[in-house]
Every structure is written in C-alpha cells, then in structure tokens.
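Peer 1: build the 3D model from these lines:
(one chain, ligands or ions: 4)
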Amino acid sequence: MKKEIRELVDKGLMLPLMEEFYTIQGEGYFKGTAAYFIRIGGCDVGCHWCDVKESWIAELHPPTKTETIVDNARKYSDTVVVTGGEPLTWDMTELTKQLKAVGCKTHIETSGAYELTGEWDWICLSPKKMKLPTQKVYDNANELKVIIYNKDDFKFAEEQASKVNANCILYMQPEWSKRDKMIPQIVDYVMANPKWKVSLQTHKYLNIP
Ligand SMILES: C[S@@+](CC[C@H](N)C(=O)[O-])C[C@H]1O[C@@H](n2cnc3c(N)ncnc32)[C@H](O)[C@@H]1O
Ligand SMILES: Nc1nc2[nH]cc(C(=O)O)c2c(=O)[nH]1
Ligand code: SF4
Ligand SMILES: [Mg+2]
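Peer 2: Numbers count the residues shown, from 1 in each chain. Ligands and ions are numbered 1, 2, ... in the order given. Presented below is the predicted three-dimensional model:
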C-alpha cells in the first residue's frame, strides 16, 4: 500500500471496504429493521466459526474514502450498521462523525477487542474468548450478544454479562452450524434465566444478505 494511502487509513479518512448492502438487520435488538450495512475488512481475532472469514485480511479490500462510503450509505437508509471484519481495528471517528452529520444513526457490530473510537447510537458487543473486550466497550455496550457454540459458552456468557453496564440487553445467539444442537439448550437456559433473550441470525432463514 502506498505511504499516502496508509496514512489516510491510519487516520480513518479511508477504510478497507469489503462490501456494503441494504438489508434487514437480522440479529439482536434491531432485528427486523431495514438498515444499510458497511462491512470493513480486517480482523485478527480468529473465531474458527466466523461466517465472514473473507473479511480478515485488510489488504484484500480496497481503501475507500469515508466521504464516498457516507455519500452512498445516506441514499439508502438513515440507519447504518458498521461491521466487518472487526471495525474497531480502525479509527471510527471520521466515519461516524460524517454519518451523523448527514443524519444517519450509527450502529456497530464489534467484538470490542480494540479501543472504542467513534460516536455510536447503538453498540452491539459480541465478545470473543481469544481477545476480550476493552473496558470502555463493556461500559458503553447497548446489547451483549454472546455466540453459543457449545456448553462452555453459557459460563462465558455469564462472565461477560457481569462486566457490561446495567442497562445492557443480554442475548444468546446460536453459532449457525451448531444451531440444531444448541437451540434447545439456549431455550432451556433462557427460560431458567430470563434476564437473557434469544437472538437468531434471521437473515439466514430469510435468505437475504
Ligand atoms: C462477522 S461479525 C463482525 C463484527 C465483529 N467482528 C464481531 O465479531 O462482533 C458480526 C456478528 O456475527 C456473529 N457471528 C459470526 N459468525 C457467526 C456464526 N457462525 N454464527 C453465529 N453468529 C456469528 C459475530 O459474533 C458478530 O456478532
Ligand atoms: N442481515 C444481516 N444482519 C446482520 N447483523 C449483523 C451482521 C453482521 O455480519 O455483522 C449481519 C449481516 O451480515 N446481515
Ligand atoms: S471477531 Fe468477528 S469478524 Fe473477527 S473472526 Fe470473530 S466473528 Fe469473525
Ligand atoms: Mg453476518
């Protein structure tokens, strides 16, 4: 990557854009709500079940000016979900400032593994054991969405719930390939522990992006 471009990416004035699409938020609190998704490349958390491994290597995704991303997004929706990859790999200050300047609500999907940057209307924290969230993300998360791959994840979910702020909404979401096995266990768990809610990847059932 050219030095000038690298410098713009470091400042968050350009971001490695993998894809962008207008769809229905499939998961969590805003499930069912139309939103424009911006998927930023780059993630080194390494979840073995990640459903977007193509996003991991930032260099495979073209550095794109934040103005270009925002000019496009605003045409589609006033709710913009920034995801990845791990968006907090990058400085989100400029992107969110510009989205808010044109009246968009800013939502983020994050593992919380890196410093929280940007101005967010909604933070969905999906913590990962390999790289735990930073304190500021726990403090500011609006929803906690723990992926349940096996039985051990119920314990991990409780540990993570003890770290988020008191207003944070708690979700358990089955890992997609283990859904048939884990959904019955999640259902039992949530009935026994009703502070939790179930989140499903409804976009996969609807066959939409
Ligand atoms: C692809 S990640 C990108 C954002 C960020 N890196 C993160 O993990 O939160 C978007 C959401 O999908 C979830 N996810 C990824 N792979 C999944 C799978 N196989 N089954 C269920 N949820 C999955 C993540 O936990 C996260 O909540
Ligand atoms: N429809 C839809 N909803 C989603 N919610 C979180 C997603 C993500 O990959 O971050 C996602 C996604 O990829 N598609
Ligand atoms: S943190 Fe998110 S993008 Fe990164 S590997 Fe895990 S699920 Fe995939
Ligand atoms: Mg997804």
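Peer 1: my read: residue 39 touches residue 16, true?
Peer 2: No - at 9.8 Å, residue 39 and residue 16 do not qualify as touching, with contact defined as CB atoms under 8 Å. The way it works is simple: take the backbone N, C-alpha and C, and place the C-beta from them, glycine included.
Peer 1: next, show the common contact partners of these two.
Peer 2: By the contact definition CB atoms under 8 Å, 6 or more residues apart in numbering, residue 39 and residue 16 are jointly contacted by residue 85.
Peer 1: which helices and strands sit right next to the longest helix along the chain?
Peer 2: Longest helix in the chain by number of residues (criterion: DSSP state H): helix 179-192. The elements that helix 179-192 packs onto, with contact taken as 3 or more CB pairs under 8 Å, 6 or more residues apart in numbering; DSSP states H and E, are strand 143-148, strand 169-174, strand 196-198.
Peer 1: what packs against the first one?
Peer 2: Spelled out, it's strand 143-148. Using 3+ CB pairs under 8 Å, 6+ apart: strand 143-148 touches strand 122-125, helix 152-161, strand 169-174, helix 179-192.
Peer 1: what's near enough to touch residue 92?
Peer 2: Residue 92 is in contact with 12, 82, 108, 117-118, counting by CB under 8 Å, 6+ apart.
Peer 1: what's the closest of those residues to residue 184?
Peer 2: residue 108 (31.0 Å; CB to CB).
Peer 1: and the closest one, which of the three is it?
Peer 2: The three-state label given to residue 108 by DSSP: H, G, I helix; E, B strand; the rest coil is strand.
Peer 1: what's the distance between it and residue 149?
Peer 2: Residue 108 is 22 Å from residue 149, where distance means CB to CB, to the nearest Å.
Peer 1: these two - which one has more neighbours?
Peer 2: residue 108 (26 against 18; other CB atoms under 10 Å).
Peer 1: switch the contacts of residue 92 over to CSV; also include distance to residue 67, pLDDT and secondary structure.
Peer 2: As requested, those are arranged in CSV below (distance: CB to CB, whole Å; pLDDT from 0 to 100; DSSP: H, G, I helix; E, B strand; the rest coil):
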residue, distance to residue 67, pLDDT, secondary structure
12, 12, 98, coil
82, 15, 99, strand
108, 19, 99, strand
117, 18, 99, coil
118, 16, 99, coil
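Peer 1: I'd like to know how far the one residue sitting closest to the centre of the chain sits from ligand 2.
Peer 2: The geometric centre of the chain, computed from its C-alpha atoms, lies nearest to residue 109 (CA atoms, centre = their mean), at 1.4 Å. The gap separating residue 109 from ligand 2 is 4 Å, by CB to the nearest ligand atom, to the nearest Å.
Peer 1: identify the residue nearest residue 139 in space, chain neighbours excluded?
Peer 2: residue 165 (5.7 Å; CB to CB, 6 or more residues apart in numbering).
Peer 1: part of a helix, is that neighbour?
Peer 2: No - applying three-state DSSP, one finds residue 165 to be coil, outside a helix.
Peer 1: right, I'll call it a day here.
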